[in-house]
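Visitor: predicted model and sequence follow; I will ask about them next.
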Amino acid sequence: MNRFDIVIWGASSFTGKLVTEYFFKNFASNKVKWAIAGRNKSKLENIRLEVADEKIPILVADSFDEKSLSLIVKETRVICSTVGPYALYGSLLVELCVKHSTNYCDITGEAHWIRTLIDNYHEDAKSKKIKIVNSCGFDSIPSDMGVYFIQNEIKKVYKNYAKSIKMRVAGIRGGISGGTYGSINNLLKEAYTDKDVFKVLNNPYGLNPIGKMEGMDKKDLRKIIFDKESKSWIYPFIMAGINTKIVRRSNALSNFQYGKDFRYEEAMISGKGISGFLKAILAVFPLAMVGLNPNSFLKKIVNSFMPKPGEGPGFEKRKNGFYNLRFYITTDDKRKAFAKVIGDSDPGYGSTSKILAQSALCLAFDDLPDNYGVITPSHSMGNKLLKRLIDNAGLSFKLTF
């Protein structure tokens, strides 16, 4: 018998604190048995005093200590992890979740790390009937569940699935935390030094099962172009590199339910005419700065202006944040449809903390599909998660024909 339903691992991180606050506001009673965990007891106590109360249990362990981590993993049904960069701090935790048959979810956007989990633990997790679910935040649930929602609704009307979906970020407001920036930097550092990491990031089907890593999609957009679908200038979306791969893995895991010729892409909208083009140029510049070689002198200057671990957007910025995602849909016989996914707070933190919390609750309590292994949000939780996102996480999904 597990002592807890859910343990929030990394509760003293910026996002972990928000998840803890969300759980306390909604589940302070004994209806959900949950605890917070991390390596620094005093920090956890401070977080508990700030956003919860002393009744919430604290568990202490180290990311690199198997004995202490095992004690936590064995006490809960679900580990909900916010500790990144995951490639540095997350591998042993996942290994132990598989070993002790504990379900797991996180908010990683590190495709190369997910690839190592698939290669090392997918079959074992599948045989033990547990779910290891990555990318349960802004990257990549609005994309993955958005496509899942669209395809289910399209099938009801047209009797078959859409063959092409193009997601365009029409509006977004938020900020970045030190933890997220650190994960991006670590990913770039590994990509610059390890060719295998670069290959995963560069392959549109880099997260598909071995033998199923081919399709019609090309690399993610890397320049400014005029888009006929949205009738607007578009430019690269920094999250496309993980989102598109998660969507394609969902399709592959379902035995290509959407078809082997299904195509998916993502980009940012900047508007029409000269003003839209200039806006795209201005938007691409900071992306270029973030993507610099992590060992370069210029990148070190950029780093000095970015938030440090534990830092992130304040309450007002999170509250006033939002995102508006548009999906341009084409069916097999060239019929068109349009969908929107809208989030009610800043994507990376206010929305992500609610999405992650509901994912953990879904894994802990809902009657889910018999899909196991290192899998995606839509493949692992399907309609149950979709309902939770709409009812409790501030997301809306709308399709028009």
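Guide: Perfect, I can see it now.

Visitor: quick one: the strands in the stretch 51-200 of the chain, in order.
Guide: For the stretch 51-200 of the chain, the strands defined by DSSP state E, counting those that start in this stretch cover 58-60, 76-81, 103-105, 131-133, 164-173.

Visitor: now those strands as JSON lines including mean pLDDT?
Guide: Below are the strands of the stretch 51-200 of the chain laid out as JSON lines (pLDDT from 0 to 100):
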{"stretch": "strand 58-60", "mean pLDDT": "98"}
{"stretch": "strand 76-81", "mean pLDDT": "98"}
{"stretch": "strand 103-105", "mean pLDDT": "98"}
{"stretch": "strand 131-133", "mean pLDDT": "98"}
{"stretch": "strand 164-173", "mean pLDDT": "96"}
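
Visitor: nearest to Ser353, out of those strands?
Guide: With CB to CB as the measure, strand 76-81 is the member of those nearest Ser353 (10.4 Å). Yep, even glycine has a C-beta here, placed from its N, CA and C like the rest.

Visitor: can you give me the helices in the stretch 1-150 of the chain?
Guide: Taking DSSP state H, counting those that start in this stretch, the helices of the stretch 1-150 of the chain run over residues 14-27, 41-51, 66-73, 86-89, 91-99, 111-127, 141-158.

Visitor: of all these, which one is nearest Asn185?
Guide: That would be helix 86-89 among these, by CB to CB, at 10.9 Å.

Visitor: just put the helices of the stretch 1-150 of the chain in JSON lines and tack on distance to Asp333.
Guide: Putting the helices of the stretch 1-150 of the chain into JSON lines (distance: least, CB to CB, whole Å) gives the following:
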{"stretch": "helix 14-27", "distance to Asp333": "43"}
{"stretch": "helix 41-51", "distance to Asp333": "52"}
{"stretch": "helix 66-73", "distance to Asp333": "50"}
{"stretch": "helix 86-89", "distance to Asp333": "42"}
{"stretch": "helix 91-99", "distance to Asp333": "43"}
{"stretch": "helix 111-127", "distance to Asp333": "33"}
{"stretch": "helix 141-158", "distance to Asp333": "8"}
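
Visitor: any chance of those helices in a markdown table with mean pLDDT, mean neighbour count and distance to Ser250 as columns?
Guide: Formatted as a markdown table, the helices of the stretch 1-150 of the chain follow (pLDDT from 0 to 100; neighbours: other CB atoms under 10 Å; distance: least, CB to CB, whole Å):
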| stretch | mean pLDDT | mean neighbour count | distance to Ser250 |
| --- | --- | --- | --- |
| helix 14-27 | 94 | 21 | 23 |
| helix 41-51 | 96 | 15 | 33 |
| helix 66-73 | 97 | 18 | 26 |
| helix 86-89 | 96 | 19 | 20 |
| helix 91-99 | 98 | 21 | 19 |
| helix 111-127 | 98 | 19 | 13 |
| helix 141-158 | 97 | 22 | 6 |
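
Visitor: right, and the ones you listed - which one's nearest Ser353?
Guide: Nearest to Ser353 among the helices of the stretch 1-150 of the chain is helix 14-27; the distance by CB to CB comes to 3.7 Å.

Visitor: for Val290, which non-adjacent residue is closest in space?
Guide: Among residues not flanking Val290 along the chain, Ile184 sits closest, at 6.3 Å (CB to CB, 6 or more residues apart in numbering).

Visitor: how far away is the one you found from Gly321?
Guide: 19 Å (CB to CB, to the nearest Å).

Visitor: report pLDDT for the residue nearest to Val290.
Guide: Note on Ile184: pLDDT of 82.

Visitor: count of neighbours near it?
Guide: Residues lying near Ile184 (other CB atoms under 10 Å) number 20.

Visitor: now swap in Lys31 and tell me
Guide: As a burial measure, Lys31 scores 10 neighbours (other CB under 10 Å).

Visitor: ditto for Tyr235
Guide: 24.

Visitor: contacting residues around it?
Guide: For Tyr235, the contacting residues are Leu221, Lys223, Ile224, Ala267, Met268, Ser270, Ala280, Ala283, Val284, Leu287, by CB atoms under 8 Å, 6 or more residues apart in numbering.

Visitor: alpha carbons of stretch 117-136, as PDB, please.
Guide: Once non-C-alpha atoms are left out, stretch 117-136 reads as follows in PDB (Å, rounded to 0.1, in the frame of the first residue of the first chain):
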ATOM      1  CA  LEU A 117      14.500   7.000 -21.900                       C
ATOM      2  CA  ILE A 118      12.700   5.400 -24.800                       C
ATOM      3  CA  ASP A 119      15.800   3.400 -25.700                       C
ATOM      4  CA  ASN A 120      16.600   2.300 -22.100                       C
ATOM      5  CA  TYR A 121      13.200   1.900 -20.400                       C
ATOM      6  CA  HIS A 122      10.300   1.800 -22.800                       C
ATOM      7  CA  GLU A 123      10.100  -2.000 -23.100                       C
ATOM      8  CA  ASP A 124      10.700  -2.600 -19.400                       C
ATOM      9  CA  ALA A 125       8.000   0.000 -18.400                       C
ATOM     10  CA  LYS A 126       5.600  -1.500 -20.900                       C
ATOM     11  CA  SER A 127       6.100  -5.000 -19.500                       C
ATOM     12  CA  LYS A 128       5.500  -3.700 -16.000                       C
ATOM     13  CA  LYS A 129       2.400  -1.800 -17.100                       C
ATOM     14  CA  ILE A 130       3.500   1.600 -15.900                       C
ATOM     15  CA  LYS A 131       3.400   5.000 -17.700                       C
ATOM     16  CA  ILE A 132       6.400   7.300 -18.000                       C
ATOM     17  CA  VAL A 133       5.000  10.400 -19.500                       C
ATOM     18  CA  ASN A 134       7.200  13.300 -20.500                       C
ATOM     19  CA  SER A 135       6.400  16.800 -21.700                       C
ATOM     20  CA  CYS A 136       3.300  17.400 -19.500                       C
END
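
Visitor: check the offset of that stretch from the chain's centre.
Guide: The chain centroid and the centroid of stretch 117-136 are separated by 16 Å under CA atoms, centre = their mean, to the nearest Å.

Visitor: what does it rub up against?
Guide: Under the criterion CB under 8 Å, 6+ apart, residues 91, 94-95, 97-98, 101-109, 114, 141, 144, 207, 209, 242, 246, 355-356, 359-360, 363, 368, 370-377, 380-381 lie in contact with stretch 117-136.
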